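A.B. asks: sequence and predicted structure below; questions after.
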Amino acid sequence: MKHSPDTIELLMNRRSLLAGKLIEPGPTEEELKKILVCATRVPDHKGICPWRIQVVDRANQDILHAKLPELHEGDPASLGKTNSKEAKTAPLLLIVSSYTASKKAPRCEQLLSGAAVCQNILIASSALGYRSQWLTEWFAYNDRVKEYLGIATIEDIIGFIYIGSETEAPKERPRPNVSDIVTRLQL
């Protein structure tokens with residue numbers, strides 16, 4: 001395999017931008033196809049492919065966001081917090097869910113494979129010059145939202161990934177010092 005310093009640079013500098021700050025343009029259909037192909041190039045024990053991806057354009061995001069208050073259950077403050085910061089401008093939303101009913105591989109591995117799908121979406125989007133944000137919030141764990149989206153309640157929504165162009169450069173946040181989180185195992 002060929003050495004790819006550009007990939008290392010991208011991984012070292014990739015940063016999310018708040019979904020509410022993403023604007024047009026979003027990925028073209030050709031770019032979206034590349035993002036989706038990259039998304040599926042993940043570790044997948046036993047080749048189960050337990051994940052699904054729903055593509056939601058701007059108009060359908062507006063319909064979804066308008067419906068969320070009706071589907072919300074629980075603390076009203078969480079709804080207000082969500083509505084105040086949710087994407088109102090992102091041109092594209094990808095909803096990644098995971099159906100982990102297979103007994104071929106542990107459920108945890110199937111969920112982690114879905115998380116890798118989300119990470120690949122973020123990286124592929126960034127490589128194509130877009131910004132993105134991976135969110136969950138209350139609506140990822142709400143059965144009424146799942147039903148509205150046509151996702152079985154036994155499935156897990158792993159992420160709502162908003163993709164678009166930046167309105168501003170994302171702010172850097174503190175990162176861990178590698179020496180604080182990595183140890184060399186001595187047996």
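C.D. replies: Structure received. Just so we're clear, the structure is a prediction, and the values are computed from it rather than from any experiment.

A.B. asks: for the rest of this, base every contact and every neighbour count on C-alpha atoms.
C.D. replies: OK.

A.B. asks: strands of the chain, start to end?
C.D. replies: Using DSSP state E, the strands of the chain run over residues 22-23, 51-57, 92-98, 131-135, 156-166.

A.B. asks: and the ones you listed: which comes nearest Ala115?
C.D. replies: Checking these against Ala115 by C-alpha to C-alpha gives strand 156-166 as the closest, at 6.5 Å.

A.B. asks: now the strands of the chain as CSV including mean pLDDT?
C.D. replies: CSV is the format used below for the strands of the chain (pLDDT from 0 to 100):
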stretch, mean pLDDT
strand 22-23, 94
strand 51-57, 97
strand 92-98, 97
strand 131-135, 95
strand 156-166, 96
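
A.B. asks: those strands into CSV, with extra columns for distance to Leu11?
C.D. replies: Compiled in CSV, these are given as follows (distance: least, C-alpha to C-alpha, whole Å):
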stretch, distance to Leu11
strand 22-23, 20
strand 51-57, 23
strand 92-98, 21
strand 131-135, 13
strand 156-166, 17
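
A.B. asks: I'd like those strands as JSON lines, with mean neighbour count and distance to Glu29 appended.
C.D. replies: As requested, these are exported to JSON lines (neighbours: other C-alpha atoms under 10 Å; distance: least, C-alpha to C-alpha, whole Å):
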{"stretch": "strand 22-23", "mean neighbour count": "23", "distance to Glu29": "17"}
{"stretch": "strand 51-57", "mean neighbour count": "17", "distance to Glu29": "11"}
{"stretch": "strand 92-98", "mean neighbour count": "24", "distance to Glu29": "11"}
{"stretch": "strand 131-135", "mean neighbour count": "24", "distance to Glu29": "16"}
{"stretch": "strand 156-166", "mean neighbour count": "25", "distance to Glu29": "13"}
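
A.B. asks: that'll do, ta.
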